[in-house]
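Engineer: the amino acid sequence is not available; the structure is as follows:
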């Protein structure tokens, strides 16, 4: 019997806010332990939380980016559990009435467009972080109360590679949308994996196994590469699987059972009595909607269509937004957008990296690149000349045409002059001419080189080749 996996992901993302979710403490990474804390985020008796409105905005904005519904009513609940890094012994989260729900996320995978349904994107708070030493443990509560958004997918993902593609695409959307910096090294993105297997063709899902607290996308892939075959092997041997929570051990590259999976009633959810329900006005919703940006996939497709760019070039401009904006700012003045894109990606980016400059420090205007491309396309200069001209204009800011004129670099495209050079090259190299006539194609390159030497590198290479071939074939 053949089996297939059904994978759902719960992606936890720290939101890009200045302060924490319920208090004014700084949402800053890397501060000394327990310095960004106050009675509210430490869970002292009698304190009252006040919701961070920017966190609410970013959660609803995520809903718009993921094609979710934004309900007219949402609320906060208490999820009760004891853990040393949870100072209140409960987490404020959204249970049955989240801020967003029922979305669809589209991304590329395997050359195709995939669609994964989004159950919800809801808002909650992060917990502190435990540190384990030789003889004792400590807790840093700086992270406690940081706004945390959880994006929950339906079990529409079928493989570890597809899960990785989904996570990377989601990360790109959240960064482009200004939702989060998604810095994995700072713990800004973490993931819980829900995976089950079932016979191919069966509608019902198998027993759901949760793998907790994955802190890297590569870890998610490797955990699934272990867990899916493990579950299939259990079933093929006639065993059964039960709902449980497992952990991923990086050292052994195996999942290990932690506990039987809790259900919602185990957390004793109830509405938080200290927080009012969230009922956004139409004006508030409109203000958040105005912050919706073009998604990476949509931008890639638009660049390919509008400028006839290949997928790799379009993706480069999507991933490097500043470089992409620079390219698009050149605008309708581009008669050869693909050639301009090549110069921006291959030459300009390399020079910027080499010099340590930013785009704002360029000495030449954007139109200079268009001018340079036009000089090449018109045959006035060769590609090799263009490289030298670009290097000079990067340093001095001179226009390409000005450099061509001042240095006398204009390419020779006069057919009469080129024919004279070619005739001289053939006369000076009768053996090479005979070799070419005898079918040795490499001899033509030798003759071309001689012509370029005679013309001091200014002869149009294309015309040189055509002229040599015509003269060598004879009347």
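Structural biologist: Nice, I can see it. These figures come from a predicted structure and were not determined experimentally.
Engineer: I figured residue 468 was touching residue 449, is that so?
Structural biologist: No: in this structure, residue 468 is not within contact of residue 449 by Cβ atoms under 8 Å, at 11.0 Å. Placement of C-beta: from N, CA and C, glycine included.
Engineer: more crowded one of these two?
Structural biologist: In this comparison of residue 468 against residue 449, neighbours counted by other Cβ atoms under 10 Å, the higher total goes to residue 468 at 26 against 12.
Engineer: just read off the phi/psi values of that one.
Structural biologist: For residue 468, the backbone dihedrals (degrees, to the nearest 10) come out as phi -60, psi -50.
Engineer: per-residue pLDDT, residue 383?
Structural biologist: Among the per-residue scores, residue 383 holds a pLDDT of 83.
Engineer: now do residue 310
Structural biologist: At residue 310, the pLDDT recorded in the model is 95.
Engineer: pretty sure it is touching residue 303, no?
Structural biologist: No: applying Cβ under 8 Å, one finds residue 310 not in contact with residue 303, separated by 9.9 Å.
Engineer: who has more neighbours, those two?
Structural biologist: Between residue 310 and residue 303, counted using other Cβ under 10 Å, the more crowded position is residue 303 (24 against 12).
Engineer: just checking, residue 240 touches residue 234?
Structural biologist: Yes: applying Cβ under 8 Å, one finds residue 240 in contact with residue 234, separated by 7.5 Å.
Engineer: neighbour-wise, which of these two wins?
Structural biologist: For residue 240 against residue 234, the residue with the higher neighbour count under other Cβ under 10 Å is residue 234, and the figures read 14 against 8.
Engineer: which residue comes closest to residue 329 once chain neighbours are left out?
Structural biologist: Excluding its sequence neighbours, the residue lying closest to residue 329 (Cβ to Cβ, 6 or more residues apart in numbering) is residue 366, at 6.0 Å.
Engineer: report whether the expected contact of residue 198 with residue 208 is present.
Structural biologist: No: using Cβ under 8 Å, residue 198 makes no contact with residue 208, being 11.0 Å away.
Engineer: hey, where'd the strands end up in the stretch 201-350 of the chain?
Structural biologist: For the stretch 201-350 of the chain, the strands defined by DSSP state E, counting those that start in this stretch occupy 209-214, 244-249, 254-260, 270-271.
Engineer: which regions of this protein lie under the pLDDT threshold?
Structural biologist: When the per-residue scores of the chain are filtered using pLDDT under 70, the ranges that remain are 261-264, 332-333, 407-414, 475.
Engineer: how much space between the most centrally placed residue in it and residue 1?
Structural biologist: The structure's the chain has its C-alpha centroid closest to residue 172; by Cα atoms, centre = their mean the separation is 3.7 Å. In this structure, residue 172 and residue 1 are 38 Å apart, going by Cβ to Cβ, to the nearest Å.
Engineer: now swap in residue 308 and tell me
Structural biologist: Applying Cβ to Cβ, the value for residue 308 to residue 1 is 49 Å.
Engineer: next one: residue 442
Structural biologist: Taking Cβ to Cβ as the measure, residue 442 falls 61 Å from residue 1.
Engineer: paired strands for the lengthiest strand in the chain, with orientation please.
Structural biologist: Across the chain, the longest stretch assigned as strand under DSSP state E is strand 112-125. Strand partners for strand 112-125, identified by DSSP bridges, are recorded as strand 100-109 (antiparallel), strand 147-153 (antiparallel).
Engineer: in JSON lines: the ones you listed, plus mean neighbour count and distance to residue 294.
Structural biologist: JSON lines is the format used below for these (neighbours: other Cβ atoms under 10 Å; distance: least, Cβ to Cβ, whole Å):
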{"stretch": "strand 100-109", "mean neighbour count": "19", "distance to residue 294": "14"}
{"stretch": "strand 147-153", "mean neighbour count": "23", "distance to residue 294": "20"}
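Engineer: between those, which one is nearest to residue 438?
Structural biologist: Between residue 438 and the strands paired with strand 112-125, the tightest spacing by Cβ to Cβ is seen for strand 100-109, at 51.9 Å.
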